[in-house]
Structure formats: structure tokens, C-alpha cells
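Trainee: how does the following fold in three dimensions:
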Amino acid sequence: MSKLLVVGTMAYDAIETPFGKTEKTLGGSASYIALAASHFDVEVGIVSVVGDDFEQKHLDLMTDRQVDLSGVEIVKGGKTFFWSGRYHNDMNTRDTLVTDLNTLADFSPVVPENFQEAEILLLGNLHPAIQISVLDQMKKRPNLVILDTMNYWIENTPGQLETVLGRIDVLAINDEEARQLSGEYSLVKAAEAILAKGPKYVIIKKGEHGALLFQKDQVFFAPALPLEEVFDPTGAGDTFAGGLAGYIAASRHISFDRLKNALIHGANLASFCVEKLGTERMETLTSEEAKKRLQSFKDLTHFTVELD
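Mentor: Model prediction:
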């Protein structure tokens with residue numbers, strides 16, 4: 001069984017959307033990624049940090065899904081990373097109300113020995129110095145390294161980010177970040193500029209409008225499933241990444257065509273994530289439900305064209 005190592009945050013969120021609110025719910029990139037990846041035949045491990053206020057039930061939630069938590073540091077007397085946000089009516093824009101780094105401020109990742117040769121490494125949205133530290137701890141280079149980043153690191157740590165980009169295979173960012181990183185408005189030109197920095201593949205996420213996959217002269221578009229209701233988009237991007245990484249790890253084969261399938265699996269799981277607040281829907285999602293919805297994606301994109 002292949003191993004997938006996830007480096008990211010485990011957090012508590014307070015979320016308010018036009019459809020509901022919660023004062024404290026499980027959050028963090030590593031939480032969403034691991035819950036999504038657990039739907040595949042792969043051994044998932046997390047490297048993260050929490051305070052001793054992190055509830056046992058949320059640790060149990062992960063271990064019940066066979067997620068290895070030996071790389072999660074629990075700081076005695078510390079508080080877990082906390083984020084609070086409010087979404088606007090269009091659900092595409094949000095206001096960050098509170099960001100308390102807490103234990104994350106002094107996070108120094110330690111990769112467990114049993115994951116130092118993981119086949120797939122997913123570096124969540126953290127300081128590039130943390131991402132470099134994890135890469136340096138791997139005993140052998142993973143078969144695939146996937147990187148997530150954000151506009152803050154693009155603007156404030158460009159040198160370190162460039163170093164990371166030279167050591168990864170897949171960069172997954174949204175369209176705004178792609179334009180900022182490349183200096184190009186056209187997403188095709190933006191992808192070309194980013195590929196020149198080192199990654200073999202670039203995935204540009206467009207939220208409710210799907211995602212684009214680029215490799216040199218190849219492009220693939222994966223749609224997002226049109227949904228009647230979106231309750232909370234928090235974590236959808238991380239769920240997408242977790243589904244993508246989980247599928248690739250389980251398939252044991254890396255190619256453009258395999259990544260195309262991975263995008264669909266990621267989009268499929270992300271479509272469930274938005275149905276309820278926080279991780280609530282991902283906590284109850286069954287593999288049977290996920291497989292059934294995959295047919296909807298096939299129906300959405302399958303067509304026959306007769307060429308003379």
C-alpha cells in the first residue's frame with residue numbers, strides 16, 4: 001500500500017455563511033485533505049501541530065479512518081490554530097475576522113520515520129521554510145510532490161517559494177494566485193511561466209467553475225458539479241487536493257492521463273464538502289456515495305462528436 005504524507009494545519013474554525021454558522025468546528029488543510037484521501041486504498045499520515053485543547057474526538061475521527069497521527073505534535077498548555085470567517089451572499093468572497101496562529105507560530109515539523117520514504121508528499125499551505133524542512137527530511141525523493149501556496153507567501157517570501165518550486169512536481173493554486181505568481185493575466189501564459197520555474201504540472205483551481213491541468217503543451221479541464229445548494233465552501237480546495245493525492249497514491253502510476261482522472265476524483269469529493277458546515281459532510285461521507293456521484297461527473301462531460 002502506497003503512503004501519502006500530508007503536511008498542513010489542524011485547526012478550529014468559526015464559520016458564518018448565509019445558510020448557517022458555527023462557533024467551533026474542526027478545520028485546517030490537513031484535516032480536510034486526510035478525510036478526503038482516506039476514501040482510497042492508501043496509508044495517510046499527517047505532520048502538523050495542535051494544542052492540548054484539541055479534542056480527543058477529533059483525533060479519534062482521524063484514527064478511525066486509519067490516518068497516522070504520529071507526526072502530529074500536541075503542545076501542552078498550547079492552543080490550536082484558530083480561524084474565523086464570514087462569507088458573502090455569493091459564497092465566493094469572504095472576510096477573515098480572526099486568525100490566531102497559536103501553536104502554529106512556532107511549528108517545526110518532524111517527519112515520522114515510517115513516512116520518510118512516502119511515495120506521495122502533499123505540502124499544504126504553510127511557510128515555504130516549513131515546506132523546505134519537510135523535503136529535507138525525506139530519506140528519498142517522493143514519486144510525486146504536490147504543493148499548495150497562497151498570495152501571502154507569493155508576495156512576502158518570493159525567494160524561498162522559488163526554491164520550493166524547483167523541488168516539486170505539481171503546483172495547485174487558484175487563478176488569482178497563478179496570475180500573481182506569473183505576472184500574466186492569461187491563465188495559459190500564467191501556466192507556461194510557472195512551469196518554467198520547475199513544476200512538471202500546474203493545476204489552476206477556479207472554484208465553482210472547475211480546475212485546469214497544464215503540462216507543457218497539454219491542457220485538461222475538470223468541471224465542478226453544478227449543485228443546487230452550497231452551504232459552506234471552506235475546505236473545498238483542500239478536499240479537492242486530498243482526493244487528487246489519494247487517487248494518485250492508490251493508483252501507483254503518475255502521468256498526465258492519470259492526473260486527469262485524479263482531478264475528477266478531487267472535484268467529486270469537493271462537491272460533498274460544500275454541502276454542510278466545516279468537515280461535517282466529509283465526516284459522514286461513504287465511499288458508496290462518492291462512487292455514485294462519480295457517474296454524475298461522467299454524465300456531465302461525456303458526449304459524442306461525429307467528425308467528417
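Trainee: which elements pack onto the helix or strand hosting Q295?
Mentor: In this structure, Q295 is located in helix 287-301 according to DSSP states H and E. The elements that helix 287-301 packs onto, with contact taken as 3 or more CB pairs under 8 Å, 6 or more residues apart in numbering; DSSP states H and E, are helix 256-273. Using the backbone N, CA and C atoms, a C-beta is placed for each residue, glycine as well.
Trainee: what segments of the stretch 101-250 of the chain are helices?
Mentor: Along the stretch 101-250 of the chain, the segments classed as helices by DSSP state H, counting those that start in this stretch run 128-137, 151-156, 158-165, 175-182, 187-195, 236-251.
Trainee: looking at the ones you listed, which is buried most?
Mentor: Of the helices of the stretch 101-250 of the chain, the one with the most neighbours on average (mean count of other CB atoms under 10 Å) is helix 236-251, at a mean of 28.
Trainee: as PDB, could you dump the C-alpha coordinates of that helix?
Mentor: Output of helix 236-251 as PDB, limited to C-alpha atoms (Å, rounded to 0.1, in the frame of the first residue of the first chain):
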ATOM      1  CA  ALA A 236     -13.300  22.600  -0.700                       C
ATOM      2  CA  GLY A 237      -9.900  23.300  -2.200                       C
ATOM      3  CA  ASP A 238      -8.100  21.100   0.400                       C
ATOM      4  CA  THR A 239     -10.700  18.300  -0.100                       C
ATOM      5  CA  PHE A 240     -10.100  18.600  -3.900                       C
ATOM      6  CA  ALA A 241      -6.300  18.200  -3.200                       C
ATOM      7  CA  GLY A 242      -6.800  15.300  -0.900                       C
ATOM      8  CA  GLY A 243      -9.000  13.400  -3.400                       C
ATOM      9  CA  LEU A 244      -6.400  14.100  -6.100                       C
ATOM     10  CA  ALA A 245      -3.500  12.900  -4.000                       C
ATOM     11  CA  GLY A 246      -5.300   9.900  -2.600                       C
ATOM     12  CA  TYR A 247      -6.300   8.700  -6.100                       C
ATOM     13  CA  ILE A 248      -2.700   9.100  -7.400                       C
ATOM     14  CA  ALA A 249      -1.200   7.400  -4.400                       C
ATOM     15  CA  ALA A 250      -3.600   4.400  -4.700                       C
ATOM     16  CA  SER A 251      -3.100   4.100  -8.500                       C
END
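Trainee: list the contacts of the residue nearest the centre of the chain.
Mentor: Nearest to the mean C-alpha position of the chain, by CA atoms, centre = their mean, lies D238 at 2.8 Å. Listed by CB atoms under 8 Å, 6 or more residues apart in numbering, the contact partners of D238 are G8, S29, S31, Y32, I33, A36, G124, D148.
Trainee: sweet, I'm off.
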